[in-house]
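Asker: The following block contains a protein sequence and its predicted model.
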Amino acid sequence: MLFGGIEAGGTKFVCAVGDENGNIQERVEFLTRDPGDTMKDVTEFFSRFEVKALGIASFGPIDVNPASETYGYITTTPKTAWQHYPIKQTMEKALGVPAGFTTDVNGAALGELMLGAAKGLDSCLYITVGTGIGAGAIVKGQLLEGWSHPEMGHILVRRHPDDHYEGTCPFHHDCLEGLAAGPAIEARWGKKGKDLAGHPEVWKIEADYLAQALMQYILIVSPKKIILGGGVMHQKQLFPLIHQRLGELINGYAKLPEPLSEYITAPGLGNDAGITGAILLGKQAYENTQK
């Protein structure tokens, strides 16, 4: 039995088919262009397989509320060609199978919970720190969603005393994403993060902002595992800096799981967390039709 998965990103679409255990059997990648061209390639790939259902883990914002008239849509994305696009309905019609639908980071959280760094637990938080910052959460085995999906990258953090950069976020300027995402690092220092590995002042500020965010997430959601992915987190020196700063910020108020190096980790599935989660989301969509 095969299930399909789509990890729909602003730069590329990853499509794959896998079995009920999330094992990927074949995968492809397409550049994200306009919906017509992109979805034509996506549909042609899946038409080669007899998938029972599909999981879509998409860039956002998206509408995840089943009671909404625009459920299944990509909504107010900065990618104007994709605004108000019914991606779930489009794929269900094209393939004639049910589709599960959530955010790209929720998909990665699901993959990590089922098969990755959080395997065996019933809750985790997956945060991507790259071109933007987003987070997906699973609590008691369920994806955390309400009238919408979490937008944890846009929380407000205290400005580091050595940082005078105004922030890149067009909505909030100095929210977490505006201060700590990849474009903010490049704008602040004049170089991409990968070219700043030997500059400790860069990562001291970055770790401070990320630790502030983690403190808030921990105190509100209490995840049993925190997974940090995305391009910025390829700077492995960030992890011990975040662990140290988080401990300073918590300051003994709450007992954190120890060691922090095992509580706050890199993805166990590497770059396959999102697409694996999408396949598992497809399996869930199929199982829901059998009830």
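Answerer: Nice, I can see it.
Asker: Name the single longest helix found in this structure.
Answerer: helix 200-221 (DSSP state H).
Asker: Go through that helix and flag the buried ones.
Answerer: Residues of helix 200-221 classed as buried: 202-203, 205-215, 217-218, 221 (neighbour count, 16 or more other C-beta atoms under 10 Å). (Each C-beta comes from the backbone N, C-alpha and C, glycine too.)
Asker: Tell me, how many residues neighbour Ala197?
Answerer: When neighbours are defined as other C-beta atoms under 10 Å, Ala197 has 13 of them.
Asker: Kindly apply the preceding question to Pro259 instead.
Answerer: 9.
Asker: Show the pLDDT at it.
Answerer: Model confidence at Pro259, given as pLDDT, is 95.
Asker: Against Gly252, how distant is it?
Answerer: The gap separating Pro259 from Gly252 is 16 Å, by C-beta to C-beta, to the nearest Å.
Asker: for the stretch 1-150 of the chain, what spans make up the helices?
Answerer: 35-46, 87-95, 104-115 (DSSP state H, counting those that start in this stretch).
Asker: circling back: partner strands of the helix or strand that the longest helix of the chain is followed by, with direction?
Answerer: Sequence order places strand 226-229 as the next helix or strand after helix 200-221, per DSSP states H and E. Counting by DSSP bridges, the strands paired with strand 226-229 are strand 124-129 (parallel), strand 264-265 (parallel).
Asker: Please identify the deepest-packed of these.
Answerer: Of all the strands paired with strand 226-229, strand 124-129 carries the top mean neighbour count, a mean of 28, counting by mean count of other C-beta atoms under 10 Å.
Asker: Can you check what angle separates it from helix 200-221?
Answerer: Comparing the axes of strand 124-129 and helix 200-221 via axes from the mean of the first three to the mean of the last three C-alpha atoms, to 10 degrees yields an angle of 150 degrees.
Asker: what's the angle between strand 124-129 and helix 104-115?
Answerer: Going by the same axes, to 10 degrees, strand 124-129 is angled at 130 degrees with respect to helix 104-115.
Asker: what residues does strand 124-129 touch?
Answerer: With contact meaning C-beta atoms under 8 Å, 6 or more residues apart in numbering, strand 124-129 is reached by 104-106, 108-109, 112-113, 117-118, 133-138, 152, 180-182, 210, 213, 217, 221, 223-233, 267, 273.
Asker: for the record, mean pLDDT for that strand?
Answerer: For strand 124-129, mean pLDDT rounds to 98.
Asker: Centre of the chain to that strand, how far?
Answerer: Per C-alpha atoms, centre = their mean, to the nearest Å, the displacement of strand 124-129 from the mean C-alpha position of its chain is 6 Å.
Asker: Tabulate the CA atom coordinates of that strand in PDB.
Answerer: What follows is strand 124-129 as a C-alpha-only set of coordinates in PDB (Å, rounded to 0.1, in the frame of the first residue of the first chain):
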ATOM      1  CA  CYS A 124       7.500  17.400  20.400                       C
ATOM      2  CA  LEU A 125       8.300  20.800  18.900                       C
ATOM      3  CA  TYR A 126      10.000  21.200  15.500                       C
ATOM      4  CA  ILE A 127      11.500  24.600  14.700                       C
ATOM      5  CA  THR A 128      13.000  25.500  11.400                       C
ATOM      6  CA  VAL A 129      15.500  28.400  11.300                       C
END
